[in-house]
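**Student:** Sequence plus the predicted model coming up.
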Amino acid sequence: QVHLVESGGGLVQAGGSLRLSCAASGRTFSTTTMGWFRQAPGKERQFVAAIWRSTTYADSVKGRFTISRDNAKNTVYLQMNSLKPEDTAVYYCAADPRGGVVAPTGYSTWGQGTQVTVSS
């Protein structure tokens, strides 16, 4: 089973950038599909991006966010550029979905989350 720890969140002005990291334990990381989600106060958890042999993004972040992985470091990243106040949320990484990559209910392993706050 994979254990996940996120880092890299913080406070940034609109238009700025942040890079989130998700460190994973587990011998099968290189073959594990990984996803990033976010949850704003009072809202449902929302898909952001996922990576396996390819990548996919939510329309709201396409062209601004990039998901990548370093299998040698067992880490997946989310580079966030041109941040907007509406990107403010707790960001979570998740591993090994059953079925599609977009639905959070398909993931059984989650990190603790990291707060991203974008000021206007």
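**Tutor:** Looks like it came in fine.

**Student:** what's near enough to touch the residue most central in space within the chain?
**Tutor:** Most central in the chain under Cα atoms, centre = their mean is residue 36, positioned 2.4 Å from the mean C-alpha point. Counting by Cβ atoms under 8 Å, 6 or more residues apart in numbering, residue 36 touches 20, 22, 48, 49, 50, 67, 76, 78, 91, 92, 93, 94. Heads up, the C-betas are built off the backbone N, CA and C, glycines and all.

**Student:** Does the second one touch residue 74 like I think?
**Tutor:** What that stands for is residue 22. No: Residue 22 lies out of contact with residue 74 (Cβ atoms under 8 Å); the separation is 9.3 Å.

**Student:** Please say which of those two ends up with more neighbours.
**Tutor:** Legend: neighbour count by other Cβ atoms under 10 Å for residue 22 and residue 74, higher for residue 22 (26 against 18).

**Student:** in what helix or strand does that one lie?
**Tutor:** strand 18-24 (DSSP states H and E).

**Student:** which of the residues in that strand are buried?
**Tutor:** Neighbour-count burial for strand 18-24 flags 18, 20, 21, 22, 23, 24 (criterion: 16 or more other Cβ atoms under 10 Å).

**Student:** ok and the next helix or strand after that strand relative to strand 18-24, angle-wise?
**Tutor:** Next helix or strand after strand 18-24 toward the C-terminus (DSSP H and E): strand 34-39. Interaxial angle, strand 34-39 versus strand 18-24 (axes from the mean of the first three to the mean of the last three Cα atoms, to 10 degrees): 120 degrees.
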